[in-house]
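Engineer: got a predicted model here, sequence first, then my questions.
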Amino acid sequence: MVLFVIGLGLADEQDVTLRGLKAMQGSERVYLEAYTSIFMADGAVERLQTQIGKEVRLAHREVVELEADDILELAGTADVSFCVVGDPLSATTHTDLILRARNRSPPIPVKVIHNASIMTALASSGLAAYNFGQTISVPFWSESWRPDSWLERIGENSKVGLHTLCLGDIKVREQSEEDMARGIQRYQAPRYMLIPQLISQITAADTEHQTAYIPADKTLAVALCRMGADDEVILSGTLAELLALASPADEAAAQQEEDEDEALADENGWGEKEVAKHKAQRAEERAIKAYGKPLHSLVLVGKRLHPLERDYAGMYKVPGSRWDEVTKEVYGCES
C-alpha cells in the first residue's frame with residue numbers, strides 16, 4: 001500500500017529507471033500526469049503500457065485536482081503509481097498530492113522515484129548549474145490577460161549575474177474563453193510555447209515596464225529544444241539572433257507575407273481573427289523549422305559568465321552570431 005510518485009525522464013519510455021519500472025509493474029493502477037509536460041516521442045505511452053504489461057491512465061488536470069481522493073483511496077489498499085514526465089518534484093505541482101497522502105488517517109506511505117528533467121538537462125547548454133538563479137514559467141498571453149510577474153525574477157537573477165531558465169507554457173485540454181462563457185464543453189488543440197514566442201513575450205514585458213533587464217541585441221541566450229530526444233536542438237546567440245532564425249529573412253520577405261495575407265483575406269473573406277490565426281500558424285511552422293517540435297526552453301545568460309561556460313555554450317552559436325563580441329563587450333568575459 002504505497003503511492004509511488006515516479007519520474008519518467010525526458011523523452012520516451014526508454015528513460016524510465018529500473019526502480020520506476022518495477023514499481024509500475026507491481027502497482028494496481030498506473031496514472032500518467034498529462035498537463036505539465038509530455039513524452040516527446042510518438043507512441044511512447046503505448047510502448048510504456050507494453051513494457052509494464054498494464055494500462056496507463058492519463059491523468060489530466062481535472063483528474064488530479066478533482067479526483068485526488070479516489071487516487072488516494074485506492075492507494076490506501078494497494079500500490080498505485082503516479083507518473084510524471086521528467087522528475088516528479090522539479091516543480092511544486094505534485095507536492096499537494098504527496099502531502100494529502102501523508103496527512104490521511106492512517107497515512108499512506110509515499111515513495112518518490114526521481115529521474116532526469118529539464119532542470120538537470122540544462123547543463124547541456126554548457127552553463128554551470130551552480131550559476132543558475134530562479135526558474136520562471138512564461139504563460140501564453142491573450143488579448144485580455146498578460147501576466148508578467150516573472151519579469152522581476154529575471155531582474156533579480158540579472159542583478160547578481162545568474163542565468164535564468166525560462167520554461168514555456170503548455171496548454172492541454174484547455175477551453176476557449178468563448179466556449180467557457182457559453183458553457184460549451186469543448187477542448188482546444190494542444191499548444192506549446194516555442195522559442196520565438198518565449199523571446200517575444202519576455203522582451204515585450206521588459207520593454208513595456210522599461211526595466212532594460214534583457215536588451216535583445218545585448219543579451220545572450222541558449223535555446224534548449226527537445227532535450228533528451230534523438231533530435232534535440234541546442235542553439236546559442238543573442239536574443240535578437242535567436243528570434244531572427246524564425247523570422248522573415250528581410251523587410252522584403254516580410255512585406256511579401258503581408259501582401260499574401262491581404263490577398264488570402266480578400267479571397268476567403270477573413271476577418272481579423274482568421275488573419276491572426278493564419279499568421280500564428282505560419283509563425284509556428286517557421287519556429288518548428290528552426291528549432292524542431294516541442295518542448296522548448298530558453299536560458300538567459302547571466303553576467304557572471306565564466307570563460308569555460310562562454311566557450312562551451314559558444315559551440316552552439318548560430319551562424320554569423322556576435323556571441324564572442326557580446327561576451328567580451330557586454331559581459332566582460334575575458335580569457
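Structural biologist: Done, it's in.
Engineer: what's the longest helix that the chain contains packed up against?
Structural biologist: Assignment by DSSP state H gives helix 272-291 as the longest helix of the chain. The helices and strands touching helix 272-291, judged by 3 or more Cβ pairs under 8 Å, 6 or more residues apart in numbering; DSSP states H and E, are helix 195-208, helix 251-268. (C-beta placed from N, C-alpha, C; glycine too.)
Engineer: Arg61: which of those helices is closest?
Structural biologist: Of all the helices and strands packed on helix 272-291, it is helix 195-208 that lies closest to Arg61, at 21.7 Å by Cβ to Cβ.
Engineer: can you find the helix or strand in this structure with the smallest mean pLDDT?
Structural biologist: Taking mean pLDDT, DSSP states H and E as the measure, the helix or strand of the chain with the lowest value is helix 177-182, at a mean of 68.
Engineer: mind checking how far the helix or strand just after that one is from the chain centre?
Structural biologist: Once the chain leaves helix 177-182, the next helix or strand it forms, by DSSP states H and E, is strand 191-192. Distance of strand 191-192 from its chain centroid, counting by Cα atoms, centre = their mean, to the nearest Å, is 9 Å.
Engineer: before we move on, back to that, check which residues of the longest helix of the chain are buried.
Structural biologist: His278, Ala283, Glu284, Arg286, Ala287, Ile288, Ala290, Tyr291 (16 or more other Cβ atoms under 10 Å).
Engineer: can you count the residues close to Val330?
Structural biologist: Val330 is flanked by 17 other residues according to other Cβ atoms under 10 Å.
Engineer: now it. Its backbone dihedrals?
Structural biologist: The phi and psi values for Val330, taken as degrees, to the nearest 10, are phi -100, psi -40.
Engineer: dump the residue contacts of it.
Structural biologist: Lys218, Leu220 (Cβ atoms under 8 Å, 6 or more residues apart in numbering).
Engineer: how does the chain divide up, domain by domain?
Structural biologist: 3-116, 119-329 (automatic domain parsing).
Engineer: okay, the buried residues of helix 272-291 in a markdown table with distance to Asn131 and pLDDT next?
Structural biologist: As requested, the buried residues of helix 272-291 are exported to a markdown table (distance: Cβ to Cβ, whole Å; pLDDT from 0 to 100):
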| residue | distance to Asn131 | pLDDT |
| --- | --- | --- |
| His278 | 42 | 83 |
| Ala283 | 32 | 90 |
| Glu284 | 32 | 92 |
| Arg286 | 32 | 94 |
| Ala287 | 28 | 96 |
| Ile288 | 30 | 96 |
| Ala290 | 27 | 96 |
| Tyr291 | 24 | 97 |
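Engineer: which one of the residues you listed is nearest to Tyr130?
Structural biologist: Closest approach to Tyr130 among these (Cβ to Cβ): Tyr291, at 26.8 Å.
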